[in-house]
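K.L.:
Got a predicted structure plus its sequence, pasted below:
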Amino acid sequence: VKYPDNIKGIFALATPLKIFLRPEAAIYTVKSFFPKLFEDDERVKMYASSHSVRLTAKPWVYIDWIPRYLELFSESAKAADTICKVKAPSWIYMSEKDELVSLKSIERIPKRRNFKTFILKDSAHFIYEKSDMEFLKSQFKAFIN
């Protein structure tokens with residue numbers, strides 16, 4: 001928005017304009033602290049690789065998370081306001097089974113010609129099913145062309 005001439009387009013995945021944490025997000029986060037117990041679970045692996053949080057016996061460490069989560073919600077609100085100012089072609093992909101980003105984020109995306117929204121029916125936040133991944137790859141190729 002600040003430098004529109006520098007941005008040719010936006011290809012976005014799981015745009016968190018509205019955050020909603022489903023229970024499975026907490027379950028998989030806790031499981032990710034014990035990856036050896038769940039080594040056959042692909043989603044646990046994805047959760048473990050997606051964050052830098054490690055299990056600790058020092059409970060005060062977790063208190064530091066509170067400001068980070070408040071920042072996350074604040075940044076989400078700012079993004080919802082900012083997206084209305086975007087002029088560049090923007091293709092936004094949301095996952096129907098996303099456990100962290102609400103599909104209601106789509107309601108905050110402007111209904112303008114430069115915005116296209118897509119829903120990936122079989123994917124979650126960290127896991128893209130094969131058919132959705134192939135679709136994303138073909139879409140990205142089309143987008144950059």
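P.N.:
Yep, that arrived.
K.L.:
from here on, contacts and neighbour counts on C-alpha atoms
P.N.:
Will do.
K.L.:
who touches A79 in this structure?
P.N.:
Neighbouring residues of A79 by CA atoms under 8 Å, 6 or more residues apart in numbering: L17.
K.L.:
Report the buried residues of the longest helix seen in the chain.
P.N.:
Among the segments of the chain that qualify as a helix by DSSP state H, the longest is helix 65-82. Judged by neighbour count using 16 or more other CA atoms under 10 Å, the buried positions of helix 65-82 are F73, S76, A79, A80.
K.L.:
and these as a markdown table, adding pLDDT and distance to F143?
P.N.:
Converted to a markdown table, the buried residues of helix 65-82 look like this (pLDDT from 0 to 100; distance: CA to CA, whole Å):
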| residue | pLDDT | distance to F143 |
| --- | --- | --- |
| F73 | 88 | 29 |
| S76 | 92 | 25 |
| A79 | 92 | 22 |
| A80 | 89 | 23 |
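K.L.:
I'd like those residues written out as JSON lines, with distance to K111 added.
P.N.:
Converted to JSON lines, the buried residues of helix 65-82 look like this (distance: CA to CA, whole Å):
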{"residue": "F73", "distance to K111": "23"}
{"residue": "S76", "distance to K111": "19"}
{"residue": "A79", "distance to K111": "16"}
{"residue": "A80", "distance to K111": "13"}
